[in-house]
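Novice: I would like the atomic coordinates for the input below:
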Amino acid sequence: MKPVSSGRYIAVFANYVLEHVENIRGVSQEIYRVLSPGGLFVATVPNTSAPEFVLARNTPLWLQKLFRRGHGWETEYAYGSIPELLDVFLDSGFRVKEEKCWPYFEGYLSRYPIIGRIGRLCDMAIITCKCKRLMGDVCLSLQKPTLKGKTLLNSGLQLSSLR
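Specialist: Here you go, the predicted model:
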């Protein structure tokens, strides 16, 4: 990939990518570099403290393969918690614009009819209790601070997506 100019993009999006990155600090610095002042970084990530991800991390590979019909993989995360991940991006200069969380037990358990219904009940209970620690899916909106006198939409800026 060709090098990208600094300040080139108004937005960068990463959908369940950051948990797989080896150098999360380097990635945060690079995203900060390519965003224009006022640019937005939106990332969806797993909450590694949520029960489904703790379970995935601690489930033996043979058992994962049994439940996933022969498919399985070692589960590791590039960060220990959402606050730890946010600290990395704050250290790079970002500001937190918004953090949204939601549970997803039902989605993971939906292929098992009875257990799927239990997953739905768990999700409803977690939402009712507003317990963010138990909500497995997180969407972070982080913003690069603006420079005084500069507009967000400078000519030649583009949208970007990490893959």
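
Novice: show me the strands in this protein, by range?
Specialist: Listed from the start of the chain, the chain has strands (DSSP state E) covering 9-15, 35-46, 95-102, 137-143, 158-161.

Novice: phi, psi for the closest residue to residue 80 other than its chain neighbours please.
Specialist: Excluding the flanking residues, the one nearest residue 80 by Cβ to Cβ, 6 or more residues apart in numbering is residue 48, at 6.4 Å. Where you see a C-beta, it was placed from the backbone N, CA and C, and this is true even at glycine. With angles defined as degrees, to the nearest 10, residue 48 sits at phi -70, psi -10.

Novice: dump the residue contacts of residue 48.
Specialist: Applying Cβ atoms under 8 Å, 6 or more residues apart in numbering, we find residue 48 in contact with 19, 54, 57, 77, 79-82.

Novice: separation between it and residue 16?
Specialist: Using Cβ to Cβ, to the nearest Å, we find residue 48 at a distance of 12 Å from residue 16.

Novice: my guess is residue 116 meets residue 106, correct?
Specialist: Yes. The pair residue 116 and residue 106 qualifies as a contact (Cβ atoms under 8 Å) at a distance of 6.1 Å.

Novice: which one's the longest helix in the protein?
Specialist: helix 113-129 (DSSP state H).

Novice: how many neighbours does residue 23 have?
Specialist: Neighbour count of residue 23, defined by other Cβ atoms under 10 Å: 10.

Novice: show me what contacts it?
Specialist: Applying Cβ under 8 Å, 6+ apart to residue 23 gives no contacts.

Novice: show me what the residue nearest the centre of the chain is bridged to.
Specialist: Taking Cα atoms, centre = their mean, the centroid of the chain lies closest to residue 45, which sits 1.8 Å from it. Residue 45 has these beta-bridge partners by DSSP bridges: residue 138.
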